[in-house]
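> Quick one: sequence plus predicted model below, questions after.
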Amino acid sequence: MADHTYLTTEELAARIKYDSRTIRDRLKDSVLLEGRHYFRPFGGRKTLYIWENVQMDMLMYSLESAVGIPLANGGTIHG
């Protein structure tokens, strides 16, 4: 099994420069998926985030959204 870095909400917030409340209220369960990005060890209330998966998906999403729409004059529009 691969080694993973497990982070608390506060540790993840410090790494990605988000407020911990934003992670708990807006990102968890809409962007961050249980089983992929986080889990609750031993069925408890504490949430641990899997840093490698969060980081990989953030970068992948960033690269996908950086693709622009080509224009006839050779330029690109980023929507």
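Now that the structure is in, tell me what you want to look at.
> and the helix ranked longest in the chain, what's its mean pLDDT?
When the chain is parsed with DSSP state H, its longest helix is helix 51-65. Helix 51-65 comes out with an average pLDDT of 83.
> Against residue 27, how distant is the closest residue to residue 40 other than its chain neighbours?
What sits nearest to residue 40 in space, not counting adjacent residues and going by Cβ to Cβ, 6 or more residues apart in numbering, is residue 47, at 5.8 Å. Quick note: C-beta positions are derived from backbone N, CA and C, even for glycine. According to Cβ to Cβ, to the nearest Å, residue 47 stands 11 Å off from residue 27.
> in the longest helix of the chain, what counts as buried?
Across helix 51-65, burial judged by 16 or more other Cβ atoms under 10 Å covers 51, 53-54.
> likewise stretch 14-24?
16, 23.
> picking that back up, let me see the contact set for the residue nearest to residue 40.
8-9, 28, 38-40 (Cβ atoms under 8 Å, 6 or more residues apart in numbering).
> tell me the least confident of those?
Out of the contacts of residue 47, that is residue 28, at 82.
> Leaving aside the residues adjacent along the chain, what's closest to residue 22?
residue 13 (7.6 Å).
> Residue 34 versus the one you found, what's the distance?
18 Å.
> who's more crowded, those two?
Between residue 13 and residue 34, counted using other Cβ atoms under 10 Å, the more crowded position is residue 13 (19 against 11).
> what about the more buried one, which helix or strand?
Using DSSP states H and E, residue 13 falls within helix 9-16.
> Any idea which residue is closest to the centre of the chain?
By Cα atoms, centre = their mean, the chain has its centre lying nearest to residue 54, at 4.1 Å.
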